[in-house]
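Undergrad: here is a sequence with its predicted model. Questions after.
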Amino acid sequence: MKKISIMIPCYNEEENVVPLSDEIVKIFKTELASYDYEIIFVDNFSTDNTRPLLRELCRQNQRIKAIFNARNFGPNSSPYYGLCQTSGDCTILIVADFQEPVELIPTFVHEWENGYKIISAIKTKSKENKLIRFMRSCYYKTIKKMSDVDQIEHFTGFGLYDKSFIDVMKSLNDPTPHLRGVVAEMGFRRKEIKYEQQKRKAGKSKFNWYVLYDMAMLSFTSYTKTGLRIATISGFIIGGLTLIVALVYLVLKLMYWDDFPMGIAPLILGVFFFGSIQLFFIGFIGEYIMAINTRLRLMNRPLVIEEERINFSSDFKLED
């Protein structure tokens with residue numbers, strides 16, 4: 001009997017973990033009865049009632065397992081680590097907020113049985129804020145053009161991953177993993193399934209502007225060189241234009257010495273303009289340097305430190 005793992009990262013999801021687990025168990029009893037399964041919740045140091053609820057779920061059903069992180073390790077490392085702890089023939093990643101339809105699980109399994117190693121769920125529509133949706137679309141199109149790897153637009157990580165891909169994930173040993181980039185980079189046979197993202201069923205989203213910006217910069221610094229080259233090329237172009245403007249001003253001043261007052265306004269505008277350009281690209285280069293520093297600092301460290309795990313057999317090998 002094939003085994004399917006469901007991995008659910010969560011943080012302060014006390015209103016969602018119980019109904020979500022009930023929905024998934026129901027699907028396995030009715031539509032996927034021929035498969036064995038495990039449901040693994042990876043709790044990223046919740047401060048509400050999520051952990052007591054997960055303990056009770058694990059007590060009621062031995063197929064439901066839980067990993068409690070010793071602290072919050074961020075929205076990238078914790079899900080990546082959780083995927084590496086699964087033991088099924090394939091693993092389905094789904095978040096705990098009901099924005100991603102659990103009804104797609106049988107569809108994922110069907111496509112997996114057809115030979116696809118990765119099933120990527122792609123958001124074609126979303127009930128999120130329209131401004132955020134527009135900014136996401138601009139971001140995906142920009143990074144797709146700038147990246148050396150063909151990035152997947154509107155892919156959040158929701159989908160199915162064959163055990164062969166999970167084994168590759170375990171071997172990468174990346175201290176700052178970016179799951180969506182790894183999926184795009186590895187080249188496994190992949191199928192895209194379109195869906196409409198729903199509104200969060202309960203609770204508040206943990207992905208604020210800072211978190212979204214941090215994830216976007218991780219993708220940029222991991223998979224693009226274009227940004228740095230734009231800075232270099234822009235420096236040459238702006239320097240050349242500045243030299244031309246300076247020569248034009250000099251010629252005009254020499255030709256019309258008394259009738260051509262230089263004035264201080266062009267100088268002030270030029271200083272502020274070129275200063276802003278410099279600050280922008282210094283900050284952009286700083287993002288790359290910060291990414292390098294983070295990777296060096298976290299090298300050879302585990303992605304996550306566990307505080308507790310529940311319902312894992314004693315012979316299950318812990319992977320860093």
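TA: Ah, there it is. Please read all numbers here as calculations on a predicted model, not as lab measurements.
Undergrad: show me how far stretch 39-55 is from its chain's centre.
TA: 21 Å (CA atoms, centre = their mean, to the nearest Å).
Undergrad: next one: stretch 119-136
TA: In terms of CA atoms, centre = their mean, the centre of stretch 119-136 is found 14 Å from the chain centre.
Undergrad: residue contacts, residue 177?
TA: By CB atoms under 8 Å, 6 or more residues apart in numbering, the contact set of residue 177 is 76, 77, 80, 169, 303. In short, each C-beta sits where N, CA and C put it, glycine included.
Undergrad: mind redoing it with 7 Å?
TA: Applying CB atoms under 7 Å, 6 or more residues apart in numbering, one finds that residue 177 lies in contact with 76, 77, 80.
Undergrad: nearest to residue 270, of the residues you listed?
TA: residue 76 (41.3 Å; CB to CB).
Undergrad: pretty sure the closest one is touching residue 180, no?
TA: No - if you go by CB atoms under 7 Å, residue 76 and residue 180 don't touch, sitting 9.6 Å apart.
Undergrad: out of everything not next to it in sequence, what's closest to residue 191?
TA: With CB to CB, 6 or more residues apart in numbering as the criterion, residue 191 has its nearest non-adjacent residue at 4.1 Å, and that residue is residue 116.
Undergrad: returning to that earlier point: neighbour-wise, give me the winner out of the contacts of residue 177.
TA: For the contacts of residue 177, neighbours were counted using other CB atoms under 10 Å, and residue 80 has the most, 25 neighbours in all.
Undergrad: average pLDDT across stretch 244-251?
TA: Per-residue pLDDT over stretch 244-251 has a mean of 77.
Undergrad: what about the contacts of residue 177, which are in helices?
TA: Cross-referencing these against helices under DSSP state H gives 76, 77, 80.
Undergrad: dump these to JSON lines, plus pLDDT and distance to residue 108.
TA: What follows is those, written out as JSON lines (pLDDT from 0 to 100; distance: CB to CB, whole Å):
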{"residue": "76", "pLDDT": "85", "distance to residue 108": "22"}
{"residue": "77", "pLDDT": "89", "distance to residue 108": "24"}
{"residue": "80", "pLDDT": "93", "distance to residue 108": "19"}
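Undergrad: make CSV out of these and add distance to residue 164.
TA: Formatted as CSV, the ones in helices among the contacts of residue 177 follow (distance: CB to CB, whole Å):
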residue, distance to residue 164
76, 22
77, 22
80, 17
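Undergrad: for the residues you listed, which one is nearest residue 32?
TA: Closest approach to residue 32 among the ones in helices among the contacts of residue 177 (CB to CB): residue 80, at 25.2 Å.
Undergrad: report the contact partners of the closest one.
TA: Going by CB under 7 Å, 6+ apart, residue 80 touches 177, 179, 303.
Undergrad: make it 6 Å
TA: 177, 179 (CB atoms under 6 Å, 6 or more residues apart in numbering).
Undergrad: so, low pLDDT: which residues of this protein?
TA: 127-129, 143-144, 146-149, 200-229, 231, 260-266, 268-269, 293-299, 314-320 (pLDDT under 70).
Undergrad: and for residue 3, the neighbour number?
TA: The local packing of residue 3 (other CB under 10 Å) involves 16 other residues.
Undergrad: I should have written residue 46 there, sorry.
TA: Residues near residue 46, counting by other CB under 10 Å, number 20.
Undergrad: for the one 5 residues further on, same thing?
TA: Other residues near residue 51 come to 21 when the count uses other CB under 10 Å.
Undergrad: please apply the same query to residue 185.
TA: Residue 185, neighbours per other CB under 10 Å, totals 16.
Undergrad: cool, residue 287 as well?
TA: Other residues near residue 287 come to 17 when the count uses other CB under 10 Å.
Undergrad: what helix or strand does residue 40 sit in?
TA: Take DSSP states H and E as the rule and residue 40 turns out to sit in strand 36-43.
Undergrad: that strand - which strands sit beside it in the sheet, and in what orientation?
TA: strand 3-10 (parallel), strand 64-69 (parallel) (DSSP bridges).
Undergrad: now do the next helix or strand after it against strand 36-43, angle only.
TA: In the C-terminal direction, the helix or strand that comes right after strand 36-43 (DSSP H and E) is helix 50-60. Helix 50-60 runs at 160 degrees relative to strand 36-43, counting by axes from the mean of the first three to the mean of the last three CA atoms, to 10 degrees.
Undergrad: state whether the residue nearest to residue 191 is indeed within a helix.
TA: No - per DSSP: H, G, I helix; E, B strand; the rest coil, residue 116 lies outside any helix segment and is coil.
Undergrad: so how far is residue 90 from it?
TA: Residue 116 is 10 Å from residue 90, where distance means CB to CB, to the nearest Å.
Undergrad: returning to that earlier point: list just the nearest of the contacts of residue 177 to residue 38.
TA: Of the contacts of residue 177, the one sitting nearest to residue 38 (CB to CB) turns out to be residue 80, at 18.0 Å.
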